[in-house]
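Participant: Need coordinates for the below:
(one chain, ligands or ions: 2)
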Amino acid sequence: MSAEVPVSDLTEAQAVLELERLADEIAAHDIRYHQEDAPSISDADYDALKRRNLEIEALFPQHVRENSPSLKVGAAASSQFAPAPHGVPMLSLDNAFADEDVTDFDARVRRFLRLSAEDHVAFTAEPKIDGLSASLRYEKGRFVRGATRGDGRTGEDITANLRTLNDIPEQLSGSGWPDVIEVRGEVYAPVEEFEAFNKASEEAGGRTYANPRNFAAGSLRQIDPTVTAKRPLRFFAYAWGEVSAPFAETQWEALGRFKDWGFTTNDRSRRVEDAQGLLDVYRGIGAERSTLPYDIDGVVYKVDRLDWQSRLGFVSRSPRWAIAHKFPAQQATTTLEAIDIQVGRTGALTPVARLHPVTVGGVVVRNATLHNEDEIIRKDVRVGDTVVLQRAGDVIPQVVAVVEAQRPPEAVPYVFPHVCPVCGSKAVRDAGQAVRRCTGGLICSAQLTERIKHFVSRRAFDIEGFGDIYVDLLFDKGVLKSPADIFRLRQRAEAVKAAILERRKEQAEARRLQKAQDDDARVGKAISDENRAFDGLEKLFDSIDARRRISLDRFLFALGIRDIGETTAVNLARAFDSFEELRQALLRASEQGPAEAYAELSDMRGMGPKARDQLLLIAPTLEADPWPDAPMAQKLDHALAGLASPARRALAARFDDWSAFVAWAKEAAAGAPGDDFVSLSAIDGIGPVAAQSIAAFFGEAHNRDLVEALVGELAAIEPLAKAKTDTAVAGKTVVFTGALEKMTRDEAKAQAEGLGAKVAGSVSKKTDLVVAGPGAGSKLKDAEKHGVKVLTEDEWLEMIGVG
Ligand SMILES: NC(=O)c1ccc[n+]([C@@H]2O[C@H](COP(=O)([O-])OP(=O)(O)OC[C@H]3O[C@@H](n4cnc5c(N)ncnc54)[C@H](O)[C@@H]3O)[C@@H](O)[C@H]2O)c1
Ligand SMILES: [Zn+2]
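Facilitator: Residues are numbered from 1 along each chain as shown. Ligands and ions are numbered 1, 2, ... in the order given. Alright, predicted model coming up:
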């Protein structure tokens, strides 16, 4: 996660934005976790996002969003299943982590019920099974409908799937059940069976799951119940929803009734006379945890008396009468056999620990995340080390520490690669960023699909109808390997059609397998539907052809070069009369761009531009070690006494050898930028960082080849008109905010830039004008704060002579 502003430092405006961001991000994780059974972050990271959201809401209660994650349960039901509305909502639980949280819970309950010190509150303590909850409706003792929790109000109707579970009686046994009762509880997969499934599935080339919970959820929510029937799912009953008549007076009694009626209840559940007893049960169950046949992530405490439960009632997403006391993550030690680097679709290099297989909390772990470069350095993780692993019902187990006492003598510090293992391009870190990224962009196959999606997107080449589905499909089938290939698709229409057909057949086959019935007629139909799909192709080819003429700024932006955003692309394009002229300038600059040592020096934390320039001046005069016996820090203090101390410290942290430092400093001095590079970085709105990025891009032969091939497919790259200097707004910085009524934001921006104005996204001291339409918010306030002139849209149009 990138560096975050501490909650207490957030301004009100930042808080509003942050709450919005968190709501979006958490909602996306909820869908991946609850709907797709494929979370992309660990539960601990997810919980941290939720906590941050809560903390901000506590400071700015007036800005709690209607869709706040703190008010929501789960995620909306998937449309794959019929909706199953819950008459009594299915809620989540509040969490307790520390012993004090449990004491607080007891105190809250007593305060709410206005009990005196002598009154005892009895509780049940039940293992918190890490599965997914289900609600089973019985009418006159017969199972009639079963549903998932969904968003708490509406779940998914999975009756047929639930019927396949042996733990779920078709007909209740015993007697005394109400005419209507919804029995609720947890569907889970025993750890051993989960492992066996994964192993068999892996050998057969099928899907594997990260943990028993995802496996249970994925197995239960199958379209085809015969698939569910083959999966080893179990059910514990522990709660209820709608009932037509009371059937118990306490939680404990209710659990007993469930058992009488033929359900399995957890035999580790206990009833305790007061809150003191809860912690004993917690420790007891905790001690047994790693030997239990199923995953648990805590103990749930519930007020035993049901009349008290109903008086306590609910807050938005959880009952007041219950709490989940979570266990800390489970740990184990093993040896680290290798560190592999994976490259994500955005080019991020992620280190993965390959481990000697070890069982953590019942699950065999072979890989663990090491997060990023700094984490490896901070923990000094080395290949061969014995490491402590942690798993918390998590997606990916983590390496939390190294057992240094067991380090083999030959283990050396890990050196994080500076090149991409997929494409061999340089991998760099931006200042202040934890992630190292491959700069290969369009030539890196790990990133290609994302880059092509960017290339064809609205703000780049704007190829209508070229959706993600086409990009993924054509890439998978090997038809699309570079931007130039886009323009060759019409010529290769047969290959495109074959790819589409093949995909359709795969989909039909997957459907057929899922339906587990040989429905050949449907496969046949799916294929004949192709012809209709091909109709769209002609149109796609036409819209591709329509973009063979492209403006220079869009062309540059589409290449997805680091630091070359839309505005920078426009500024660059404006400074040159043709693409050819720009290309020549870039080639010259790339030969004189700062060398790697220079770039690293400029990038070093603690090294300001002043210290950098001083060092570059001194570097050529540095000589053999003047003080061989002193520690490196003292040598640097001595030789570079004129430099600020943070700069000296940064160097001392980077080098432990005098001659390596001197060689590097000399290289940096030699690599200082030449005239062509300087004039590139002097272009208005460019600067050294963007100049360095684009020069480096054109400096790499494979990028030049890629551009060459692309240019070969295009009819024209059209230069932009030079920025005007003789208009009323030339050279002024303008910010648009609120709704514009006479034109779109993009049009307004293009028009203003055409008149020589700069368009900025936020208001600062440097802003000259703010054009505010209806609904303008914080930017308008910022304008007042900085005393910036504010215009209406009409006043603006008048000013530029259009009104
Ligand atoms: N990694 C991700 O992307 C991601 C996304 C969403 C949620 N999550 C994780 O899911 C959890 C939050 O989900 P939640 O809202 O279901 O809360 P929860 O799992 O913490 O608690 C509520 C659930 O506990 C279960 N439960 C088990 N035994 C029970 C018992 N004896 N009595 C009552 N309930 C019992 C029920 O299914 C109930 O719905 C967190 O652990 C969170 O980290 C992770
Ligand atoms: Zn790469």
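Participant: Got phi/psi on residue 322?
Facilitator: With angles defined as degrees, to the nearest 10, residue 322 sits at phi -140, psi 160.
Participant: Who are the contact partners of the nearest residue to it once chain neighbours are set aside?
Facilitator: Of all residues beyond its chain neighbours, the one nearest residue 322 is residue 302 (4.4 Å), with distances taken as C-beta to C-beta, 6 or more residues apart in numbering. Yep, even glycine has a C-beta here, placed from its N, CA and C like the rest. Counting by C-beta atoms under 8 Å, 6 or more residues apart in numbering, residue 302 makes contact with 123-124, 126, 251, 309, 321-322.
Participant: How about residue 83?
Facilitator: Contacts of residue 83 by C-beta under 8 Å, 6+ apart are 77, 150, 154-157.
Participant: at 10 Å what do you get?
Facilitator: With contacts defined as C-beta atoms under 10 Å, 6 or more residues apart in numbering, residue 83 is in contact with 76-77, 147, 150, 153-157.
Participant: export these to CSV and tack on distance to residue 693 and neighbour count?
Facilitator: Listed next are those as CSV, based on distance: C-beta to C-beta, whole Å; neighbours: other C-beta atoms under 10 Å:
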residue, distance to residue 693, neighbour count
76, 41, 19
77, 45, 25
147, 53, 28
150, 46, 25
153, 49, 16
154, 49, 18
155, 49, 25
156, 48, 23
157, 53, 19
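Participant: Any chance of those in TSV with secondary structure as columns?
Facilitator: Putting these into TSV (DSSP: H, G, I helix; E, B strand; the rest coil) gives the following:
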residue	secondary structure
76	coil
77	coil
147	strand
150	coil
153	coil
154	strand
155	strand
156	strand
157	strand
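Participant: so, in contact with ligand 2 or not, the helix or strand where residue 334 lies?
Facilitator: Taking DSSP states H and E as the definition, residue 334 sits inside strand 330-343. No. Against ligand 2, strand 330-343 shows no contacts by C-beta under 5 Å from the ion, the least distance being 5.5 Å.
Participant: Please identify the buried residues of that strand?
Facilitator: 330-334, 336, 339, 341, 343 (16 or more other C-beta atoms under 10 Å).
Participant: Including pLDDT, could the residues you listed go into TSV?
Facilitator: Shown next, in TSV, are the buried residues of strand 330-343 (pLDDT from 0 to 100):
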residue	pLDDT
330	78
331	83
332	86
333	90
334	93
336	96
339	96
341	94
343	90
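Participant: Distance of residue 328 relative to residue 391?
Facilitator: Plainly put, residue 328 is 11 Å away from residue 391 if you go by C-beta to C-beta, to the nearest Å.
Participant: And for residue 764?
Facilitator: 47 Å.
Participant: Of those two, give the one with the bigger neighbour count.
Facilitator: Set residue 764 next to residue 391 and count neighbours by other C-beta atoms under 10 Å: residue 391 wins out with 23 against 11.
Participant: Give the full set of residues in contact with that one.
Facilitator: 42, 211, 295, 329-332, 359-363, 365, 368, 397-398.
Participant: What separation do you get for it and ligand 2?
Facilitator: 30 Å (C-beta to the ion, to the nearest Å).
Participant: Confirm that residue 145 sits in a strand.
Facilitator: Yes. Counting by three-state DSSP, residue 145 is found in a strand.
Participant: quick one: terminal-to-terminal distance for stretch 33-52?
Facilitator: By C-alpha to C-alpha, to the nearest Å, the extent of stretch 33-52 from end to end equals 19 Å.
Participant: Identify each buried residue in it, please.
Facilitator: 33-35, 37, 39, 41-43, 45-46, 49, 52.
Participant: go on, stretch 480-488?
Facilitator: Buried, per 16+ other C-beta under 10 Å, within stretch 480-488: 480, 482-487.
Participant: just stretch 253-269 next, same as before
Facilitator: Within stretch 253-269, the residues scored as buried using 16+ other C-beta under 10 Å are 254-255, 257-258, 261-266, 269.
Participant: is ligand 1 contacted by that stretch?
Facilitator: No. Stretch 253-269 is not in contact with ligand 1 by C-beta under 6 Å from any ligand atom; minimum separation 6.9 Å.
Participant: Output that stretch as PDB, restricted to C-alpha atoms.
Facilitator: The C-alpha trace of stretch 253-269 is given here as PDB (Å, rounded to 0.1, in the frame of the first residue of the first chain):
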ATOM      1  CA  GLU A 253     -31.500 -24.100  24.500                       C
ATOM      2  CA  ALA A 254     -31.800 -23.200  20.800                       C
ATOM      3  CA  LEU A 255     -28.600 -25.000  20.000                       C
ATOM      4  CA  GLY A 256     -30.000 -28.000  21.800                       C
ATOM      5  CA  ARG A 257     -33.200 -27.900  19.800                       C
ATOM      6  CA  PHE A 258     -31.300 -27.800  16.500                       C
ATOM      7  CA  LYS A 259     -29.500 -30.900  17.500                       C
ATOM      8  CA  ASP A 260     -32.700 -32.600  18.400                       C
ATOM      9  CA  TRP A 261     -34.100 -31.700  15.000                       C
ATOM     10  CA  GLY A 262     -31.300 -33.400  13.200                       C
ATOM     11  CA  PHE A 263     -28.700 -30.700  12.700                       C
ATOM     12  CA  THR A 264     -25.000 -30.800  13.600                       C
ATOM     13  CA  THR A 265     -24.000 -28.300  16.200                       C
ATOM     14  CA  ASN A 266     -20.500 -27.500  17.200                       C
ATOM     15  CA  ASP A 267     -19.600 -29.700  20.200                       C
ATOM     16  CA  ARG A 268     -16.900 -27.200  21.300                       C
ATOM     17  CA  SER A 269     -19.500 -24.500  22.100                       C
END
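Participant: Just the mean pLDDT for that stretch, thanks.
Facilitator: Throughout stretch 253-269, pLDDT has a mean value of 97.
Participant: cool, and stretch 758-775?
Facilitator: 87.
Participant: Likewise for stretch 443-463?
Facilitator: Stretch 443-463 comes out at a mean pLDDT of 91.
Participant: End to end on that stretch, go ahead and measure it.
Facilitator: Note: stretch 443-463 ends 21 Å apart using C-alpha to C-alpha.
Participant: Any part of that stretch near ligand 2?
Facilitator: Yes. Using C-beta under 5 Å from the ion, stretch 443-463 reaches ligand 2 at residue 444.
Participant: So which bits of that stretch are buried?
Facilitator: Neighbour counts over stretch 443-463 (16+ other C-beta under 10 Å) mark 443-444, 446-456, 460-461, 463 as buried.
Participant: Now, those residues that are in strands?
Facilitator: Secondary structure assignment (DSSP state E) places none of those within strands.
Participant: what residues are up against residue 700?
Facilitator: 425-426, 439-441, 443, 590, 706.
Participant: coming back round to it: so the residue nearest to residue 322: helix, strand or coil?
Facilitator: Under three-state DSSP, residue 302 comes out as strand.
Participant: Report the beta-bridge partner residues of it.
Facilitator: Note on residue 302: beta-bridge partners residue 124, residue 322, judged by DSSP bridges.
Participant: Could I get the average pLDDT for the top helix by length along the chain?
Facilitator: Taking DSSP state H as the assignment, the helix of the chain that covers the most residues is helix 493-515. Computed over helix 493-515, the mean pLDDT rounds to 80.
Participant: Show me what it is packed up against.
Facilitator: helix 225-230, helix 468-476, helix 520-528, helix 530-545 (3 or more C-beta pairs under 10 Å, 6 or more residues apart in numbering; DSSP states H and E).
Participant: can you do 7 Å?
Facilitator: helix 468-476, helix 520-528, helix 530-545 (3 or more C-beta pairs under 7 Å, 6 or more residues apart in numbering; DSSP states H and E).
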